[in-house]
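*Asks:* Provide a 3D model corresponding to the input given below.
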Amino acid sequence: MEGNDLGKTSTGINPTVAGLLSYLLGFVTGIIFLVIEKENRFVRFHAMQSTLTFGFLFVINIVLHFIPFFGWFLVPILGIVSLIVWILLMVKAYKGEYYKLPIVGDMAEQKL
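*Replies:* Predicted structure coming up:
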């Protein structure tokens, strides 16, 4: 399912825009859209994927800060990977695609 056949949202926001906004502030906007969007599966999927993905990356980032040298080396790499994933997911959602990340995408789909 892509583009125009994504249905209506309970928020009145275009589904592709709501999907993009689910990623805007990482897990924070993911949680917000999970709470406010009751109907649209597309938006809820992207909100759940955002919550799981960026929640996990946030926790990993905190853990890496406590690991001397090796962790400190990995923090900037994790930041670059997170930025790339963030942009990719926002673009895919805005295009109206159900883009699933490996593992996390399946988890998000199961939790709906």
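*Asks:* might you report the residue contacts of the closest residue to residue 13 other than its chain neighbours?
*Replies:* Spatial nearest neighbour of residue 13, excluding adjacent residues (Cβ to Cβ, 6 or more residues apart in numbering): residue 21 at 7.4 Å. Using the backbone N, CA and C atoms, a C-beta is placed for each residue, glycine as well. Residue 21 makes contact with 13, 29, 33 under the criterion Cβ atoms under 8 Å, 6 or more residues apart in numbering.
*Asks:* state the phi and psi torsions of residue 21.
*Replies:* Main-chain dihedrals, residue 21, degrees, to the nearest 10: phi -60, psi -20.
*Asks:* then residue 27?
*Replies:* Torsion angles at residue 27 (phi, psi; degrees, to the nearest 10) stand at phi -70, psi -20.
*Asks:* how about the contacts made by it?
*Replies:* Contact analysis of residue 27 by Cβ under 8 Å, 6+ apart lists 50, 51, 52, 53, 54, 55, 58.
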